[in-house]
Structure formats: C-alpha cells, structure tokens
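# Have a look; sequence and predicted model below, questions after that.
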Amino acid sequence: MANEKGPDHSRRKERSRQAILAATRALVAEEAYEEVTVEAIAARAGVGKQTIYRSWPSKSAVAFAPFWL
C-alpha cells in the first residue's frame, strides 16, 4: 500500500482560508469593526486562532485580505 494517498492538506488549508474570510466578512457586516476579534472570527469559521495567525498577523490583515489579492 505504498501508493496510497494521504490527506490533501492544501485542500483543507484552502477550505479554512475561505471559512475565515467569510466569517470575517459576516462579522464586520454585523458589528462595528472595533468589536470584531480574532477569537470571534475563529469561532465563526470553526478554526483555532493559531490557524488565523499562521496566515495573517492581525485582525486588520485578515479583514483587508480580499482587497490585497
């Protein structure tokens, strides 16, 4: 079984990234930006805070990420 494929981590990472961005957009639409926290984004996206911090250094970085692409 040496040819058996393992989990596709890139696919999981992309799903997490999309969930984080969607959660951020939703939270900013529902609340004032100042009230949104990385903890709230992580909870809404169903990921840990560390997952967010691996890709973005701050709340503002994730909030404005779609504009930088």
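Structure received.
# So which residues make contact with the longest helix seen in the chain?
Assignment by DSSP state H gives helix 9-30 as the longest helix of the chain. Contacts to helix 9-30, defined as C-beta atoms under 8 Å, 6 or more residues apart in numbering, come from residues 36, 40-42, 44-47, 51-52, 55, 62-63, 65-66. The C-beta positions use only the backbone N, C-alpha and C, and glycine is treated the same way.
# Apply 7 Å and report the result again.
36, 40-41, 44-47, 51-52, 55, 62-63, 65-66 (C-beta atoms under 7 Å, 6 or more residues apart in numbering).
# what does stretch 40-51 give?
Residues contacting stretch 40-51 (C-beta under 7 Å, 6+ apart): Ser16, Ala19, Ile20, Ala23, Thr24, Ala26, Leu27, Val38, Glu39, Ile52, Val62.
# And those residues, which of them are buried?
Ser16, Ala19, Ile20, Ala23, Thr24, Leu27, Val38, Ile52, Val62 (16 or more other C-beta atoms under 10 Å).
# what's the farthest-apart pair in those residues?
Ser16 and Leu27 (16.2 Å; C-beta to C-beta).
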